[in-house]
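In: Predicted structure and sequence below. I'll ask about it afterward.
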Amino acid sequence: MILRLDDTDVERNTQESVDSIFAGLRWLGLGWDEEYKQSERIELHRRIASSIFQKGLAYRDFTPARTGDGDKSGADGPWLFYPEMRNMSSEESDRRAAAGEPFALRFRVPRDVVREVCFHDAVYGDQAKSTADIEDFALLRSDGMPTYHLGSCADDADLGITHIVRGQDHLSNTFKHVLIFEAAGSAPPTFAHLPLLVAPDGAKLSKRKHGPVVSVTTYRDAGFLPEAFINFLCLLGWSPKNDREVMAQQELIDTFSFEGIHRSNAVVNFKEEDPFDPKAAWLNAEYIRTMAPADLSTRLRPVIEAAGFEVSEDKLAKITLLLQERIKLLRDVLTAGDFFFQRELAPYDAAELIPQKGDAAMASRALARGRVALADAPFTHDGLEAALRNAATELGIKTGQMFQPIRVAVCGRKNAPPLFGTLEALGRELSLERIDLAAEKLKSL
RNA sequence: GGCGCUAUCGUCUAACGGUUAGGACGGAGCCCUCUCAAGGCUUAAAUACGGGUUCGAUUCCCGUUAGCGCUACCA
């Protein structure tokens, strides 16, 4: 497996984007055996270009570069080449080049006899395109830098690449590549084109338009597990055809085949308010739930510490157990378990303390009686449960009515992890402190 | 405009011409339950359209439509 940076476009190539790519790849744990930068192999590219030129299969084009995007909806038919450039005598071409006039080197696509350029794609099957529909594409820019087409073909041949697996946006470019391989006298590798990942509106995902969505580090920073994220990605445009979805890396590798790859684009379902595809989040939650708790703790700790909190090994173990099936992303530990980490609770409405079908007086009694129970019960899950259920019976109220005021008092909200485990993780001192605060708060109603 | 690719629930996807068109996410409902989750059960939801071929088309062929890609001295 070779990691090659196709960075022949100096303008667009920034250290920042390279760093982000490496960070993402390293996080995913995808290894590679060799690593190259195209920008460091330009001598090779020029050599290949020159040999194609020597064979008369390319020519100099002295036309100034066309700016930007060009007009793609021209009613004047497709642009194929500039006749005066393509047909220029070698004497004039040599003379102008020697005089220092800048030129691009273009491939001389055969025009005398129209023929079909063919190749077999491992995903899309047999492909053919008439030379009459292929323009004289550039090999070398006027600054001497190779284009993507030349650079990648030259490198593929030189590095002995066996399989090119890339986005379907290159499917039609592949005809040009076949022409280059022919001209360079190398056998083309196996091609396999992958369907594109598109935005909900159907547009191809791009760094420009969709920014964070296409950056792998975004998912890392949000608390995705790399194995879950890989799993999700694999399910986009490919399926094992047996309804299996949660698959470990080895199973993915074992089951993979080009035949299982789709030929239509897959949409990544992100939204403004929810930037992550719900299925990706679900898969991540699935991985989190089935992890060994100790492993989850290990993954959670850095997230908690990065937020500026400290937590003991013992307390984290308890919190992990309570939150494991309640978080979808590692990041969620901060919102789902905020009350575990902050000494002071975020402000909440005292009315929350009032239980279902109860009133402030009931809440007050539950808190008072609960405080007594908590003060001397063994501070363990079972001890607390026994004590609090007892208290409810004594007060003649439902367990729910007993538990809710206490839950809100210690967590600052109604929806929280199971009460007894939560109290145990919080510890006696903090629990009592918060109950006192809540009782005080209740008086203000 | 030219060339190419594609078309099954909202989304990801099954169904080597014969299925009540399956699964998953998300949605809805019920159960479980100290709340929230998780889990269990149930449910709504799709073959773009029109022609062929065939005893029989989601499936094969043609056309239409739509989407996407390429058409750069970007990749």
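Out: Received it, and whenever you're ready, just let me know what you need.
In: Going by C-alpha atoms from here, please, whenever you check contacts or count neighbours.
Out: Will do.
In: was I right about A:Leu194 contacting A:Ile261?
Out: Yes - with contacts counted by CA atoms under 8 Å, A:Leu194 reaches A:Ile261, the gap being 7.2 Å.
In: what comes up buried for stretch A:196-206?
Out: A:196-199, A:204-205 (16 or more other CA atoms under 10 Å).
In: State the mean pLDDT of that stretch.
Out: Predicted confidence along stretch A:196-206 averages 88 (mean pLDDT).
In: Over to stretch A:250-266?
Out: 94.
In: First-to-last residue distance for it?
Out: Criterion CA to CA, to the nearest Å; first-to-last residue distance in stretch A:250-266 is 24 Å.
In: which residues touch A:Ala280?
Out: A:228-229, A:232 (CA atoms under 8 Å, 6 or more residues apart in numbering).
In: And the contacts of the helix or strand of chain A with the lowest mean pLDDT?
Out: Every helix and strand of chain A was ranked by mean pLDDT, DSSP states H and E. The lowest is helix A:207-210, at a mean of 80. For helix A:207-210, contacts defined as CA under 8 Å, 6+ apart pick out A:214-215.
In: what do you get for stretch A:53-70?
Out: Stretch A:53-70 is contacted from outside by A:52, A:85-86, A:93, A:101-109, A:183, using CA under 8 Å, 6+ apart.
In: Quick check on those residues: which are buried?
Out: A:52, A:86, A:93, A:102-109, A:183.
In: thinking again about what came up before, identify, from the contacts of A:Ala280, the entry nearest to RNA strand B.
Out: For the contacts of A:Ala280, the residue nearest RNA strand B by CA to the nearest atom of the strand is A:Phe232; the value is 7.7 Å.
In: Which residue comes closest to that closest one once chain neighbours are left out?
Out: If the residues on either side of it in the chain are set aside, A:Phe232 comes closest to A:Ala280, at 5.6 Å by CA to CA, 6 or more residues apart in numbering.
In: Please report how far the one you found lies from A:Pro200.
Out: A:Ala280 is 15 Å from A:Pro200, by CA to CA.
In: ok, so what distance separates A:Val117 from A:Ala99?
Out: From A:Val117 over to A:Ala99 (counting by CA to CA), the distance is 37 Å.
In: go on, A:Arg141?
Out: From A:Arg141 to A:Ala99 the distance is 18 Å (CA to CA).
In: now A:Leu150
Out: Distance from A:Leu150 to A:Ala99, by CA to CA: 25 Å.
In: what are the ranges of the strands in the stretch 301-445 of chain A?
Out: With strands called from DSSP state E, counting those that start in this stretch, the stretch 301-445 of chain A shows none.
In: where does it come near RNA strand B, residue by residue?
Out: Contact residues (CA under 7 Å from any atom of the strand) of the stretch 301-445 of chain A with RNA strand B: A:325-327, A:399-400, A:403-404, A:414-420.
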